[in-house]
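Visitor: next input, structure requested:
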Amino acid sequence: SSSSSSNDRSRLENSLNRMLPTDIRIWNVGVAPAPALELVNNQTSLYAWSVMRKCDSKLYSYRLCLGNAMDPILRKDRWQLENKWVSQIDPVELAEIFQAYEGTHDFVCFAGALEATARKKGVPMSTIRTVYSCKLICEDDGERQLYRVDIYLDGALYKMVRNMVGTAIDVSRGKLTREKFNQLLNEPSRLGLSRDDNECKPAPPHGLTLERVFYPNDDF
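Guide: Modelled structure (predicted):
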């Protein structure tokens with residue numbers, strides 16, 4: 001019955017939460033759809049419902065500080081840029097650089113472990129992704145220079161979001177030219193470029209958060 005099913009899910013939820021650390025909580029556990037026939041990599045087979053394959057889009061946020069000092073309480077979830085970079089970065093220009101990511105691009109120069117992933121899956125991996133929105137948002141009154149980058153896209157390659165942030169910072173501070181950035185983002189196939197041609201390091205992992213995963217019929 002629906003009542004017993006609800007009780008089973010509640011017990012599962014409680015059991016999982018007892019095993020997890022206090023800063024991670026599970027709620028609203030649901031029943032996954034039944035397996036169905038799907039066309040994957042040009043082959044039709046019966047597949048179990050997959051949280052990865054069935055999602056429509058994802059929202060990532062990356063938090064950083066563009067000021068000379070940051071509250072140390074924030075150190076575990078926000079990137080404090082080096083002081084020598086701070087004076088070189090104009091938030092208005094940085095916002096424009098992030099906006100350049102919007103649209104459909106080949107992100108081969110912003111992804112890691114592509115060959116290893118392809119070997120694991122047994123098929124070549126597409127590096128084409130669509131970024132619906134990429135916005136730099138000020139999170140305070142400007143005095144502390146706390147910012148958040150919201151990146152809403154159809155899916156991300158390994159380390160893609162961190163590479164996007166790290167590269168944008170390097171362009172803003174003048175380490176990477178706008179011309180080279182445009183080539184990495186818009187012309188990798190024509191120029192035969194790969195991740196090795198992008199000299200920028202990925203942004204540190206602690207500033208990144210996967211905010212939400214969207215499924216069909218979700219309202220954003």
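Visitor: what comes into contact with the longest helix seen in the chain?
Guide: Residue-count comparison of every helix in the chain, with assignments taken from DSSP state H, identifies helix 2-19 as the longest. Identification of contacts with helix 2-19 by CB atoms under 8 Å, 6 or more residues apart in numbering yields R25, I26, W27, V29, G30, V31. Yep, even glycine has a C-beta here, placed from its N, CA and C like the rest.
Visitor: which of these are buried?
Guide: With neighbours counted using 16 or more other CB atoms under 10 Å, these contain no buried positions.
Visitor: shouldn't A34 be in contact with W49?
Guide: Yes. A34 sits in contact with W49 when judged by CB atoms under 8 Å, with a separation of 7.5 Å.
Visitor: of the two, who's got more company?
Guide: Neighbour totals were compared for A34 and W49, and W49 leads with 13 against 8 (other CB atoms under 10 Å).
Visitor: from T104, how far off is the more buried one?
Guide: 27 Å (CB to CB, to the nearest Å).
Visitor: again, but for P35
Guide: Distance check for P35 against T104: by CB to CB, it reads 31 Å.
Visitor: could you do T22 as well?
Guide: Using CB to CB, one gets 41 Å for the distance from T22 to T104.
Visitor: check L37 too.
Guide: Computed with CB to CB, the distance linking L37 and T104 is 28 Å.
Visitor: D196 too?
Guide: Between D196 and T104 the distance, using CB to CB, works out to 23 Å.
Visitor: higher neighbour count, the two?
Guide: Set D196 next to T104 and count neighbours by other CB under 10 Å: T104 wins out with 11 against 7.
Visitor: quick check: phi and psi on that one?
Guide: Taking degrees, to the nearest 10, you get phi -100, psi 120 for the backbone angles of T104.
Visitor: who's it bridged to?
Guide: Under DSSP bridges, the beta-bridge partners of T104 are T130.
Visitor: residue contacts, it?
Guide: Counting by CB under 8 Å, 6+ apart, the residues that T104 touches are I128, R129, T130, V131.
Visitor: change it to 10 Å
Guide: Taking CB atoms under 10 Å, 6 or more residues apart in numbering as the contact definition, T104 lies against I128, R129, T130, V131, Y132, D154.
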